Structures are given as structure tokens and as C-alpha cells.
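> with the input below, show me the fold.
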Amino acid sequence: MRKPSLRAQAWISDICYALLVLVTGCFFAISCALLLSQAIRTSPVRSWTNDWDAVIIAATYLLVCIISIALCVKRRIAVRRRLQRIATTHYSIVRKEVPQPVHEYISQEFARSCLVAYESQPRNTVHSGWGRPGTRLSGIRFRRALLDTIAEIDARARLIIPSHPNLKPHARMLHHFRFLLPLLPKDEDGHSELHYYDSAIQLARTVDREPTEEEYQRGMDAVASILQMLWECRSEMLEESRMQTNSVIS
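Take a look at the predicted model:
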């Protein structure tokens, strides 16, 4: 089914509103006339003379009519003022709204702007402490990313060791996570992933220069290993707890 145009919708809306006002006004007038006639019939003299009931009814309807008109006018003025604050600048978005040469010119300028923006993107550039554009590290600041991993590892460690000490602002990672050392394997030099992670964090905290991509990658590898170990410990704890629960129930 074809949808009516905006002009047709506006006409339908205006007609419906006019009908609503007309019907409301008719019922308003009929009710006022009936009440006035009832007041006259029930008066002792059956006349308008000294009939205060009719005066009160007429005054009440007149007051309601004045208040209704005032509210409608106030609402109409408020809506008009609000609409006047809306920008009326027209933007051509379809071809039929402008001549064909103008539409082609706009399309060419838009394509040229897109091409300039694409060619202006940095390539094969290196900014100290940031990932290279076009790589998976693009847009990552190494120092901030390394420091953000402290809270993540601390939260994961508390799931394994609820009595884990509170994190101090400048505590060494090797000291703060010392309870995790027995859980981490060591390499040929006797160093665990926590040692390499501590070195990366100290580098990000204290050194004036920005961390390099290799230093960042080594620190994040240590983070991944530590988180993997914590996840495995958490899984073993949950499995052991489940087995104990099943044995008690059986």
C-alpha cells in the first residue's frame, strides 16, 4: 500500500484537528444550552429575571471557554517559537532536488575529499610509545596499556587468594604478587613471567623515554601468561569444589 505524501498527511492532520474542535465546540454549546434551559425551567418565575443559577452557569462556561482559548494560544506560540529556533538550511541529498550538473559536481567534490582524507592518513611512520599505523597495535599507547593491566591481574588474583594484600600505588609487582610466584614456571635463568612483568611495569613507571614495541610486546606476553595461569587455577578450584559437593551429596 502506497504511503500518503507529506502534504497529504498535513492536510489529513489539519482536517482531523478541525473536526475535533468542531465536535468539541458543538457538545460544549449543547451542554451549556441544556443547563441554562434547565435552570430557567426550575426557577420559581420561569424567567431570566433574577435567575442566579443561569448567571452562574453562563459565567462558568464563559470562564472555561476563555481559559481553553488562552491555553491553546499559549501552546501555539510556544511551538512556533521552538520551531523558529530550528535551522532551516536545506541540504540536497537526492539527485532530483538539484540539477544534474550540480549533482555531478557535488559527487566529484565528495569523492575528491574522500581521496584526500585517505591519502592523508599516516603510513610507515613511528611515534615513540605508540603502535604503528596499519598494524594490530595501531592506536595503542604502550605505557598506558601496560599500567592498565595491573588492576586486571590484581582482580583476577583475588579470586584465587581472597586475602591478597591491597595494591599500593608504587609497589613493585614482584613484591605485590609474590604469592603467585610458586604457581608460575621458571625459565633457564630462574626467572618467571612475573619477573618480566615487573620489569615492564617499572620501565613504564620510571623511565623517561616511552616503551618500545618490543618491550610492550614482552610485557603483554607476560600478562597473558599470568592471566592464563590464574584462569587455570580458578578452574581447578571450581572443579575441586564441585567434586567435593558431589561427594557430600552422594
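> how far does whichever helix or strand L227 is part of sit from the chain's center?
Under the criterion of DSSP states H and E, L227 resides in helix 213-249. Taking the mean of its C-alpha atoms, helix 213-249 sits 34 Å from the chain's own mean (Cα atoms, centre = their mean, to the nearest Å).
> what's it packed up against?
The contact analysis (3 or more Cβ pairs under 8 Å, 6 or more residues apart in numbering; DSSP states H and E) places helix 213-249 against helix 142-160, helix 193-206. No exception for glycine: its C-beta is placed from N, CA and C like everyone else's.
> out of those, deepest packed?
When the helices and strands packed on helix 213-249 are scored by mean count of other Cβ atoms under 10 Å, the highest mean neighbour count falls to helix 193-206 (a mean of 19).
> which residues does it contact?
142-143, 146-147, 150, 170, 172-174, 177, 180-181, 184, 211, 215-216, 218-219, 221-223, 225-226, 229 (Cβ atoms under 8 Å, 6 or more residues apart in numbering).
> now the buried members of these.
Taking 16 or more other Cβ atoms under 10 Å as the criterion, what is buried in these is 142-143, 146, 150, 173-174, 177, 180, 184, 211, 215-216, 218-219, 222-223, 225-226, 229.
> show me the protein divided up by domain.
6-84, 93-123, 142-249 (automatic domain parsing).
> and G131, which of those is closest to it?
Shortest distance between G131 and the domains of the chain, using Cβ to Cβ, is found for domain 142-249: 7.1 Å.
> just to revisit the earlier point, which positions in the helix holding L227 come out as buried?
So helix 213-249, judged by 16+ other Cβ under 10 Å, has buried residues 213, 215-216, 218-220, 222-223, 225-226, 229-230, 233.
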